[in-house]
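Novice: please find the sequence and the predicted model below.
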Amino acid sequence: MSTITAARPPAPGSGAPAPAPVPTWTSRLRWGVADTLTITKRNLIAYTRIPEALFFSTMQPIMFVLLFRYVFGGAIPIQHLTYINYLMAGIFVQSVAFGGIGAAVGLSDDLQKGLIERFRALPMARSAVLAGRTTADLVRNVFVVLLMTGVGAAVGFTFPTGPVDFIASAALVLLFSYALLWGFAFIGLVAPNSETAQVMAFPILFPLVFASPAFVQTSKMPAWLGRFANDQPVGAMINATRALMVGPRAGLGSTGDHVVTALLWCAGFLVVLVPLAVWRYRRTA
Amino acid sequence: MTTSTPAIEAHDLHKTFGGKVRALAGVSFAVEEGTIFGLLGPNGAGKTTAVRILTTILRPDAGTGRVLGHDVVEHADRVRTLIGLAGQYAAVDENLTGRENLSMVGRLNHLATGVVRPRVVELLAQFGLTDAGDRTLKTYSGGMRRRLDVAAALVARPPVLFLDEPTSGLDPQSRMDLWAMIEQLVVEGTTVLLTTQYLEEADRLASRLVVVDRGHVIAEGTAAELKADLGATVLDVGLVDPDTARRAAEILRTVAHTSPTVTGTMIELPVDDGPHAAMEALRLLDQHALVPTTFRLREPSLDDVFLALTGQPAEADGAGPEDTTTDPGRRRRRAGADRSAARGGAS
C-alpha cells in the first residue's frame, strides 16, 4: 500500500496553505499582536460565558464598598476627609489586586486541559498566550475600575481633585494591576491545578492588601506595622492613588513623590515578573 | 514532492524525563506521504512522547525528527505550518462554541478571515456539528468534543496530521465514524500518524505499523506482515474451567507454533497449518478425555501479535513507567489521559 501513494494530490479540498514566507521582524511583530488579540478575545469571551462567575466576582468589591462605607466607616474617623473619599483609593487597588486571581486560575485551567499544548503546536507567536492572558485581565480590570467609580459616586465619593487627577489615579491602578497580572500568570503556571492556583494567590495578597492604608490610617497601627503598611508595594500604590484622588487633604505630602514611588514599584514588578512568567512558560513545554 | 522524502521521519529519538524515566530510547521510523502510519504500544510505551517531539512541543534529548523534510527543532515554526494535532484529551475550549473554537485555531494559523469563515462552516458540516456549531462545548458529548478536536486540527488543511489516541474513550459508533473520516482524509492526500492502544484500530486504518514498548521499537511492518510472523492461523480452544484449560494448554503445547496463552477458560494456540493442527489437537484432547466447549480456527488478530511481542516472560514485570508522568510539570495534565488509557487497556 505504501508504494502506490507517493504522488500526493494537492492537500484536501481547495486552498491549501501557501508555504509560509520567511518571517521578517515586522511580520513577526504583526502576528505577535494579532495572535495576542485573538487570545485576548478568547479569554474575554470565556468570562462572558460564565456570567455567574463574572457577577459574583464583581459583587465582591461592591460589597466591600458598601461594607466599609456603611458598616465600618462610621467607626473609623479620618482627619479632614469623609470616609468614602478616603476609602475609594483602597477599594480601587484592592479590587484589581484580587481580581487578578482570575488570570492565575484561567492559565492553570488551560494548562490542565491541554489547550496550551494545542497552542504550542500552532504556528502562532509564542508570546501570545501570556500576553493575551494579561491583556484580557487588564480589560477586565478596566471594567472593574469603571464599575467601582460608579458605585463610589453613588455612595458619596466627591472626586475632590477633579477629572484629570482622578483619571491619572485610575491609570496608575491599572498599570499596577497589569504588572501584578504577570505574577498571577506565574502562579497559574506553577500551580498543579486551578483550585490550587486560587488558594495560592490569596495568602500572598491578603496581608499586603489589609496590612496597608487601604481601610484605616496607618497612624493608628503599631509603629512597626505602620511603617510596613506604607512601604510595602500595595500600600505604596494606595498612597499614590489616594494622593491623586483626594489631594492634599489626604495628608500624604507630595503627590509627585508618591507617584514616583508607585511607578518604580510597577516598573520593578514588571522587570521581575514578566521574565519570571515567560521563563516558567517556556519551561512548562 | 519527491518519492524519496518521507512525510514524517523519526531518527533515533531519545527522551528522558526528570533524568530518570526513559520515555524514548532510540525510536526510528519513517512515514510515506499519503498513508496512515500506526504507532502502537501499551500505555507508557512512549507513543505520546514521540508525537510531542514530532509536533515541536517537546525537544528530543538526542536524535532528529523531520516533517516533510523540515527539522522539528531547527525549523519548528515551519513545521507548525505543516501539521495538525489532535490530542488524546480533547484540547478544545469548553467556554467557546464549536464555531469559535475552529475560528480561533484558523486565526492562530494566520489564515485570512475570508478563508477561515467558510472553512469553519465546511468543517462543522463534515463532522456533523453544524447544528451544534453555535453552542458552547459544555453542552457537547465526549464524541462531539473529540470530533471538534480533530476538526480543529484540520482547519489549516495541514498535509500532515498527528492523531494521538483519537478514539480512546469513544463509544463504538463514534469510533467508527471517526475512522471513516480519517480514511477519507487519506484518500484526499493527507499523511496521518496515529497512535493507538486499540489493535483493531491499527489493523483497520494503518498501512504500516511500528510497535513500541518501553521506548523501543519492537516490531515494524504491515499489519499483515506482523500477523504472518506469528503464524498463519490461531486455534481457540475453550474448556469447562480455568484449571482444565491450563492442563489442556500443557497437553496442546506441541501443536502450537509458539507458547499457547490461557485466558480464563480459553486457550489460544498460534498454529502453522490450521486443519492439521486442529486434528492433532482434537486427538490429544480425546486421549486425555477432555471435551472442549469451544473449538475454532481463525486468522490471528493484532492482539495476538501484540501479546506475543510484549508479553515475553523476560519483559513481563508489569507495565513500564508511565509515558511522561514522572515529569512533575506534566503529571497533572496526563491524569485524564491515563484514566482513559487504563480503560482501554492493551487488549
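Specialist: Received it, and whenever you're ready, just let me know what you need. Residues are numbered from 1 along each chain as shown, chains lettered A, B, ... in the order given.
Novice: residue boundaries of the helices in the stretch 101-250 of chain A?
Specialist: Assigned by DSSP state H, counting those that start in this stretch, the stretch 101-250 of chain A shows helices spanning A:101-112, A:115-120, A:128-154, A:162-190, A:194-210, A:223-231, A:233-246.
Novice: ok, which of the ones you listed comes nearest residue B:77?
Specialist: Residue B:77 sits nearest to helix A:115-120 of all the helices of the stretch 101-250 of chain A, at 11.8 Å, using C-beta to C-beta. Where C-beta positions appear, they are placed from N, C-alpha and C, glycine not excepted.
Novice: if we can go back for a sec, looking at the helices of the stretch 101-250 of chain A, which is nearest to chain B?
Specialist: Nearest of the helices of the stretch 101-250 of chain A to chain B, taken as C-beta to the nearest C-beta: helix A:115-120 at 4.0 Å.
Novice: now for the closest one, which elements pack on it?
Specialist: helix A:128-154 (3 or more C-beta pairs under 8 Å, 6 or more residues apart in numbering or on different chains; DSSP states H and E).
Novice: report the mean per-residue pLDDT for the helix it packs on.
Specialist: Helix A:128-154 comes out with an average pLDDT of 94.
Novice: one more: stretch B:180-189?
Specialist: The pLDDT scores in stretch B:180-189 average 90.
Novice: buried ones in that stretch, by neighbour count?
Specialist: For stretch B:180-189, a neighbour-count test (16 or more other C-beta atoms under 10 Å in any protein chain shown) marks B:181, B:182, B:185, B:186, B:189 as buried.
Novice: ok, stretch B:99-118 next?
Specialist: For stretch B:99-118, by 16+ other C-beta under 10 Å, it's B:99-111, B:115-116.
Novice: check contacts around residue A:139.
Specialist: Neighbouring residues of residue A:139 by C-beta atoms under 8 Å, 6 or more residues apart in numbering or on different chains: A:40, A:44.
Novice: out of everything not next to it in sequence, what's closest to the residue sitting nearest the centre point of chain B?
Specialist: Chain B has residue B:196 as the residue nearest its centroid, 1.4 Å off, counting by C-alpha atoms, centre = their mean. Nearest non-adjacent residue to residue B:196, counting by C-beta to C-beta, 6 or more residues apart in numbering or on different chains: residue B:202, 5.4 Å away.
Novice: do the same with residue A:274
Specialist: Excluding its sequence neighbours, the residue lying closest to residue A:274 (C-beta to C-beta, 6+ apart) is residue A:182, at 5.0 Å.
Novice: residues in contact with that neighbour?
Specialist: For residue A:182, the contact set (C-beta under 8 Å, 6+ apart) comprises A:130, A:134, A:269, A:270, A:273, A:274, A:276, A:277.
Novice: is it true that residue B:79 lies in a helix?
Specialist: Yes. Assessed with DSSP: H, G, I helix; E, B strand; the rest coil, residue B:79 lies in a helix.
Novice: so it makes contact with residue B:69?
Specialist: No. The pair residue B:79 / residue B:69 is not scored as a contact, 9.9 Å apart, by C-beta atoms under 8 Å.
Novice: neighbour count: those two, which is higher?
Specialist: When residue B:79 and residue B:69 are compared for neighbours, residue B:79 comes out ahead with 24 against 16, by other C-beta atoms under 10 Å in any protein chain shown.
Novice: mind listing what the more buried one touches?
Specialist: Listed by C-beta under 8 Å, 6+ apart, the contact partners of residue B:79 are B:55, B:56, B:67, B:70, B:71, B:72.
Novice: beta partners for the closest residue to the last one other than its chain neighbours?
Specialist: If I follow you right, that is residue B:72. Spatial nearest neighbour of residue B:72, chain neighbours left out: residue B:65 (4.0 Å); criterion: C-beta to C-beta, 6+ apart. Residue B:65 forms beta bridges with residue B:10, as assigned by DSSP bridges.
Novice: and residue B:84, by the same measure?
Specialist: Those that pair with residue B:84 in a beta bridge, by DSSP bridges, are residue B:161.
Novice: need the contact list for it.
Specialist: With C-beta under 8 Å, 6+ apart, residue B:84 has these contacts: B:152, B:153, B:154, B:155, B:156, B:158, B:160, B:161, B:162.
Novice: report the two of these separated the most.
Specialist: The span of the contacts of residue B:84, defined through C-beta to C-beta, is set by B:152 and B:160 at 15.4 Å.
Novice: compare these two and say which is more crowded by neighbours.
Specialist: The neighbour comparison of residue B:152 against residue B:160 (other C-beta under 10 Å) goes to residue B:152, with 27 against 22.
Novice: tell me the contacts of that one?
Specialist: Taking C-beta under 8 Å, 6+ apart, one finds A:118, B:84, B:86, B:91, B:92, B:101, B:102, B:105 in contact with residue B:152.
Novice: ok and the helix or strand encompassing the last one relative to helix A:128-154, angle-wise?
Specialist: Going back to what we said before, that points to residue B:105. Secondary structure from DSSP states H and E places residue B:105 in helix B:98-108. Put simply, helix B:98-108 runs at 120 degrees to helix A:128-154, going by axes from the mean of the first three to the mean of the last three C-alpha atoms, to 10 degrees.
Novice: how far is the following helix or strand past helix B:98-108 from where the chain is centred?
Specialist: Following helix B:98-108 in sequence order, the next helix or strand is helix B:113-126 (DSSP H and E). Distance of helix B:113-126 from its chain centroid, counting by C-alpha atoms, centre = their mean, to the nearest Å, is 29 Å.
Novice: pLDDT below threshold where in the chain?
Specialist: Picking chain A for this. In the predicted model of chain A, residues A:1-23, A:285 satisfy pLDDT under 70.
Novice: not what I meant, chain B
Specialist: B:1-4, B:89-90, B:230-232, B:302, B:311-347.
Novice: the helices in it, which residues?
Specialist: Applying DSSP state H to chain B gives helices spanning B:47-54, B:76-80, B:98-108, B:113-126, B:142-154, B:172-187, B:199-205, B:223-230, B:242-252, B:274-287, B:302-310, B:328-344.
Novice: ranking the ones you listed by burial, who's on top?
Specialist: Among the helices of chain B, ranked by average contacts under mean count of other C-beta atoms under 10 Å in any protein chain shown, first place goes to helix B:47-54 (a mean of 27).
Novice: what is the helix holding residue B:105 packed up against?
Specialist: When contacts are defined as 3+ C-beta pairs under 8 Å, 6+ apart, helix B:98-108 sits against helix A:25-49, helix B:113-126, helix B:142-154.
Novice: quick check, residue A:165 in contact with residue A:245.
Specialist: Yes. Taking contacts as C-beta under 8 Å, residue A:165 lies within contact range of residue A:245: 7.0 Å.
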